[in-house]
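Colleague: Just to be clear, the model below is a prediction. Sequence and coordinates:
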Amino acid sequence: MMKYTKIPMIKATTPTEGYICLLNRWCVVTLENEVLFYAERPVCNHSRSITRAIKNRINRDYVTILIPVIYVPNTR
């Protein structure tokens, strides 16, 4: 099983110095309102159907939400 991390929505959508800003992404979100991350990247996509398919493989109880702005660590 892949290792996922969960980041609270408030943290993932709060501007942070040095982070990369992603716009208008459909993301996998837990029922506790946490954005799912894999390898320091959010499980998100521009396509709702792609994100939904990924979500269904991980956990059907999770939801897909359109997040207007999400911030991720700049690991480059």
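Modeller: Received it, and whenever you're ready, just let me know what you need.
Colleague: in the sheet, who's paired with the spatially most central residue of the chain?
Modeller: For the chain, the residue nearest the mean C-alpha position is P42 (3.5 Å; C-alpha atoms, centre = their mean). Bridge pairing for P42 (DSSP bridges) gives the partners F37.
Colleague: per-residue confidence for it?
Modeller: In this model, P42 is scored at 94, pLDDT.
Colleague: mind checking the SS state of R57?
Modeller: Following DSSP: H, G, I helix; E, B strand; the rest coil, R57 is assigned to helix.
Colleague: And for V35, the neighbour number?
Modeller: Using other C-beta atoms under 10 Å, V35 has 24 neighbouring residues. Quick note: C-beta positions are derived from backbone N, CA and C, even for glycine.
Colleague: ok, now which ones touch it?
Modeller: When the contact criterion is C-beta atoms under 8 Å, 6 or more residues apart in numbering, the partners of V35 are 6-9, 12, 27-29, 42-44, 67, 70.
Colleague: cool, and E34?
Modeller: E34 is in contact with 6-9, counting by C-beta under 8 Å, 6+ apart.
Colleague: what's the answer for I7, then?
Modeller: With contact set as C-beta under 8 Å, 6+ apart, I7 has these partners: 34-35, 37, 42.
Colleague: Just put those in TSV and tack on distance to R57.
Modeller: TSV is the format used below for the contacts of I7 (distance: C-beta to C-beta, whole Å):
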residue	distance to R57
E34	18
V35	17
F37	16
P42	16
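Colleague: all helices for this protein, in order.
Modeller: With helices called from DSSP state H, the chain shows them at 9-12, 48-58.
Colleague: can you pull the buried residues of the longest one?
Modeller: Pointing back at helix 48-58 there. Of the residues in helix 48-58, those with enough neighbours to count as buried (16 or more other C-beta atoms under 10 Å) are 51, 54-55, 58.
Colleague: what does the shortest one give?
Modeller: In terms of neighbour count (16+ other C-beta under 10 Å), helix 9-12 has its buried residues at 9, 12.
Colleague: what helices or strands is that helix leaning on?
Modeller: strand 34-38, strand 63-72 (3 or more C-beta pairs under 8 Å, 6 or more residues apart in numbering; DSSP states H and E).
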